[in-house]
Each structure stands twice: as C-alpha cells, then as structure tokens.
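Novice: model the structure of this input:
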Amino acid sequence: MRRKWFRNGLGRKNSQANRQGQVWKTRSSPRSFSRTLERLEDRRLLAAITFSAGILTLNGDQDFAGENDNFALARDTSDPSKLNVTVNSDSAEYALSSITQINVFGFAGNDSLIVNSTNGLIKVQNGIQYDGGTGFDGLLLLGASTNTSDELDVGATPGAGRSLLENGPDFQEIYFQNLEPIIDQVLSSSFMIDAFGTASILNANNAINCTIASEGSITIDNFEPITFEFKDHLIIDSGAGDDTVNVSFQGEELPSGADFDTLQDITVNGQDPTASDTLIVNGTINSDTIDYRPGSTVGSGEVDINSNPAVIFNTMESVVIDGQGGNDALRYTTPSNDGQGSILTLTPSVDGDSSTVTGRPAFGASYVPLIFQHIGINGSIEFTSTNEGRADYLDVYGSSAADQFNLDPDDGGSLDMYRLDEPGDVRVAVEILTPSISTLALHGRDGDDEFNVVC
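Specialist: Residues are numbered from 1 along each chain as shown. Got it, this is the predicted structure:
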C-alpha cells in the first residue's frame, strides 16, 4: 500500500498574507454546532504542545517565524485509548477521553498535518481544528482500516471546509482553513464531495474537474486539489447553481479501492433540479467502447467507457461525451418500458463526428439529452434497447446542404450519410447502427438530397 508524505519547502506561497481571526463553523447536526476559533497572533512565541480544560493545542513556528512545521496525530498502537501527538521534534501522549477539542496552528511556513486513524478514528467532541496559516499547507489523512463513509465538505472559501470519517458509532471531524493540498488515503467504502453549509462555494456556478488515474484528483474552481485513493465509490454533489462536472480517465491504472481492487464507480448529483447542470465524460485518444444509458427517472443515467468506473448521474440537464478521437464505438441504450419503445432524434453538427441525440419514452418525460463529439469520423453510434426486439422510433436529420443517405437493412441495419457537394466521401455523421429501431425516418432538410436503400 502506497503512502505519500508531505515534504517541507514545496515552494508555492499562498496569496493571502494575513489570515488571523478566521471563523470556524460547523453544519448543524446532532454532534456539531457553531463555534469560533480565533487565531492567536503570529508574533507570540507559544509552547509547541499545550493542554488545558480539555483543549489540546499544537503550535508551529517554534524555532523561527515561517518555520516549515510537521504535525501528527495518531492513536497509540499498543494502547488506542491514548493519543500520540507530534510537533516537529516535540511529542506527547494524552488520554483521548480527556480531550474535547484539538487546535492546530501552522502560522507561517509550509506546514503539514498528518492524521492517522489506523488504530481508530480520533473522536473528540468538538473535532480537530486546523488552520494552516500562510504558506503552502497540507492535510494528509491516513488509515488502514476500512470506514463506512468518508466525506469532504467544501467551505465558503478556497482551502476551507470539513473532513468527516464515520465507522459505525465512531466519527472523526477535521475543520480546516487556509490549506492547499488535501490528500485522503483512508480506506473507505464511499468518498463524498459535498457542500459545507449554504455559504459553500459549491452552491455557486462551479466548474468541477475529476481526473481518474493511479490516483483520483478533484478540483472545484480555485479550491485546491483533493487527491484520493482507497475508495470503492466516489460521490460528487455539485450543489446549487449551474455546474459543469468534467470526468476524465488518464492511463490504464485506476485508484486502489478499499474492499475492491480499484474504484468501482463515480456518482455525480446535479442537486438543483431547476438549474442547468452539465456532465462531460471524456474518452481516450485510443479507440474506445462507450455506453450511454439514459435512465427512466428524469435527469438520470449512466456512462461507461471501456472498463473504467461507471459514471452514474442524477438531476443533470445535459450530458456530453467527448471521445477525444480514436474512432470510438458509441452505444445508446434506451431503458425498459414494457416494450412501448422510445422516440429518438439524431441531429448532426457541422463536424461529422459530432451529433445531438434527444429522446423520450413513448409515454413519459424526456431523457437527458446527449451531445457526442470527437468520436472519430470512422466511429459509430448504435441504438439498442433493454426492451426485447425492435420498439424504438428514430428520426435522423441531414445537413442543410445536399446529402446522400445510404441505408442497408442487413445485420440489424446501418445508415451512412455523405455530402454530395464535396469531393470524396465526406461524412455528414458517423455510421448509425439501428438494431433496436422499428421505424426509421430520414429528413433531408435543405439541399438536393439522394436516398439509397439496399434491398
């Protein structure tokens, strides 16, 4: 199992020079409440570790102002009722039951806090409060035991929020501010990115990028990257506002899972049903097998690319599949509706390998519209259904110029469309395969079109 540790001197400075007097607030819940943690003045020389009235405080910058500090919290291996605390070269041990709150002040410099829950979650009544201060400050979460859930709540400003781990009745809360990288390597069945209160930046119009490689990485506007491993299920709640969630797969490696070998799926929730939320799922530069399955529930569906984790979506208003070239095979599968079928429309764009597909069941609300692009001019789209046999109706539109439609009913049916007014075989759209289509309507639109049917 790989572990990554922060190193001092990461070299990037935070643009905010003064972060004193910040306010920490929790979301209202049975075990959390509003409270304020005020920064002590950086110019005071404080003891590295202090404990008074149940509050354990860890202070950085002991040797000089701007020192790169290393903080660590972990329950003792031989006696998990004890908490081991480290600040640089200083260390101490306390009975965990005697602690009600832990404060960590990084002050200036490039600081790191490691919270290791391998020997049990660090459960204190008022949580762990971590202020990185100025500099390039990080939070590393470790834990070798699988937890029920892992939640990272995004706060009102970049670098602020809350981490919540739960395992049965036990929990561990970290309230943080003024952080840059957050690395989560705790084993957990699920990992959720969510809004922390109504003031969270997730409740604005956001650009959320999720990159899946040997590690997972999530960025939200100018919120610092969230890197993760050892999760089975990733959940992204995009909050209110008009959001764009962009999911990319890079390379053949996937993040390790907790109970499974690798990450199994990604769920994206648009949250606000009245907003205009868009999901973009990217393929690779190679030839991909892509499946799009609109759901029977409004705003729902699933996208699968090769053997990567499934991308499941809810309350989304549109989906874009970007094949990144490579002549991909795209399959559009309509949901089951007792054989009543679906009514579908394909409209090509000006690029031959891009089109829009809209649809609805014969009786019911519309499916989430699909825009596919860059699947390669020699790629294809195949219409299939979970209903048995052929029950779907498909309208296919040509361009405003002169087009040639070539329909071959063999092997389930295929349609090729070319431009008549351009030399060579210039496609209007990728090859269209129709194994689930009972009725196919071809619309030439403007131009002097030609229709050829192989009998």
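
Novice: now Asp410. Its backbone dihedrals?
Specialist: Dihedral pair for Asp410: phi -70, psi 160, per degrees, to the nearest 10.

Novice: contacts only, for the closest residue to it other than its chain neighbours.
Specialist: Nearest residue to Asp410 in three dimensions, chain neighbours excluded: Val454, at 7.3 Å (Cβ to Cβ, 6 or more residues apart in numbering). No exception for glycine: its C-beta is placed from N, CA and C like everyone else's. When contacts are counted by Cβ atoms under 8 Å, 6 or more residues apart in numbering, Val454 touches Asn406, Leu407, Asp408, Pro409, Asp410.

Novice: show residues contacting the worst-scoring helix or strand of the chain on mean pLDDT.
Specialist: Least confident element among the helices and strands of the chain, by mean pLDDT, DSSP states H and E: strand 223-228 (a mean of 91). By Cβ under 8 Å, 6+ apart, the residues outside strand 223-228 that reach it are 152, 154, 158-159, 179-185, 191, 193, 201, 215-219, 234, 255.

Novice: so which of these sit within strands?
Specialist: Counted as lying in strands by DSSP state E, out of the contacts of strand 223-228, are 152, 154, 182-185, 191, 193, 216-219, 234.

Novice: contacts for stretch 163-173?
Specialist: Identification of contacts with stretch 163-173 by Cβ under 8 Å, 6+ apart yields 26, 31-32, 115, 117, 120-123, 127-128, 139, 141, 143, 145-153, 162, 174, 176, 182, 184, 186, 188.

Novice: start and end of stretch 83-99, how far apart?
Specialist: Counting by Cα to Cα, to the nearest Å, you get 9 Å between the two ends of stretch 83-99.

Novice: what mean pLDDT does it get?
Specialist: For stretch 83-99, mean pLDDT rounds to 98.

Novice: where in the stretch 201-350 of the chain is pLDDT low?
Specialist: Low-confidence segments of the stretch 201-350 of the chain, defined by pLDDT under 70: 273-275.

Novice: cool, the stretch 51-200 of the chain as well?
Specialist: In the stretch 51-200 of the chain (pLDDT under 70), no residue qualifies.

Novice: verify the contact between Pro361 and Ser342 for me.
Specialist: Yes. Contact criterion Cβ atoms under 8 Å: Pro361 and Ser342 qualify, at 5.3 Å.

Novice: between those two, who's got more neighbours?
Specialist: When neighbours are counted by other Cβ atoms under 10 Å, Ser342 comes out ahead of the other of Pro361 and Ser342, with 24 against 20.

Novice: surely that one is in contact with Arg360?
Specialist: Yes. The criterion here is Cβ under 8 Å, and Ser342 meets it with Arg360 at 6.6 Å.

Novice: which neighbours do those two share?
Specialist: With Cβ under 8 Å, 6+ apart, Ser342 and Arg360 have common neighbours Tyr367.

Novice: now stretch 71-85: buried residues?
Specialist: Residues Phe71, Ala72, Leu73, Ala74, Arg75, Lys82, Leu83, Asn84, Val85 are the ones in stretch 71-85 that count as buried (16 or more other Cβ atoms under 10 Å).

Novice: what touches both of Pro361 and Ser342?
Specialist: Residues touching both Pro361 and Ser342 (Cβ under 8 Å, 6+ apart) are Thr334, Pro335, Tyr367.

Novice: list the contacts for the spatially closest residue to the last one that is not a sequence neighbour?
Specialist: When you say that, I think you mean Tyr367. Excluding the flanking residues, the one nearest Tyr367 by Cβ to Cβ, 6+ apart is Pro294, at 3.6 Å. Pro294 makes contacts with Ser300, Gly301, Tyr332, Thr334, Pro335, Gly359, Tyr367, Val368, Leu370, as judged by Cβ under 8 Å, 6+ apart.

Novice: distance check, the fifth one against Ser380.
Specialist: Put plainly, it is Pro335. In this view, Pro335 and Ser380 are 21 Å apart by Cβ to Cβ, to the nearest Å.

Novice: how many residues are close by Leu113?
Specialist: Using other Cβ under 10 Å, Leu113 has 25 other residues around it.

Novice: repeat for Gly424
Specialist: Residues lying near Gly424 (other Cβ under 10 Å) number 6.

Novice: same question, Thr386
Specialist: Neighbourhood size, Thr386 [other Cβ under 10 Å]: 12.

Novice: quick thing: my sequence starts at 32, can you match it?
Specialist: Yep, numbering from 32; the last one is Thr417 now.

Novice: surely it meets Tyr363?
Specialist: No. Between Thr417 and Tyr363 there is no contact under Cβ under 8 Å: 11.8 Å.

Novice: Glu284 looks like it's in a helix, true?
Specialist: No. Remark: Glu284 does not belong to a helix; assigned using DSSP: H, G, I helix; E, B strand; the rest coil, it is coil.

Novice: my guess is it contacts Ile243. True?
Specialist: No. Applying Cβ under 8 Å as the test, Glu284 and Ile243 come out as separate, 9.2 Å apart.

Novice: okay, these two: which has more neighbours?
Specialist: Ile243 (23 against 11).

Novice: contacts only, for the closest residue to that one other than its chain neighbours.
Specialist: Distances taken as Cβ to Cβ, 6+ apart place Phe280 nearest to Ile243, at 5.1 Å, with adjacent residues excluded. For Phe280, the contact set (Cβ under 8 Å, 6+ apart) comprises Ile243, Ala244, Asn313, Gly314, Thr315, Ile336, Asn337, Asn339.

Novice: relative to Asn277, how far out is the third one?
Specialist: Applying Cβ to Cβ, one obtains 7 Å for the distance of Asn313 from Asn277.

Novice: could you do Phe259 as well?
Specialist: Going from Phe259 to Asn277 by Cβ to Cβ gives 17 Å.

Novice: swap in Val461?
Specialist: In terms of Cβ to Cβ, Val461 sits 23 Å off from Asn277.

Novice: equivalent analysis for Phe482, please.
Specialist: Phe482 is 39 Å from Asn277, by Cβ to Cβ.

Novice: pick out whichever of the two has more residues nearby.
Specialist: It is Asn277, of Phe482 and Asn277, that has more neighbours when counted by other Cβ under 10 Å, with 17 against 12.
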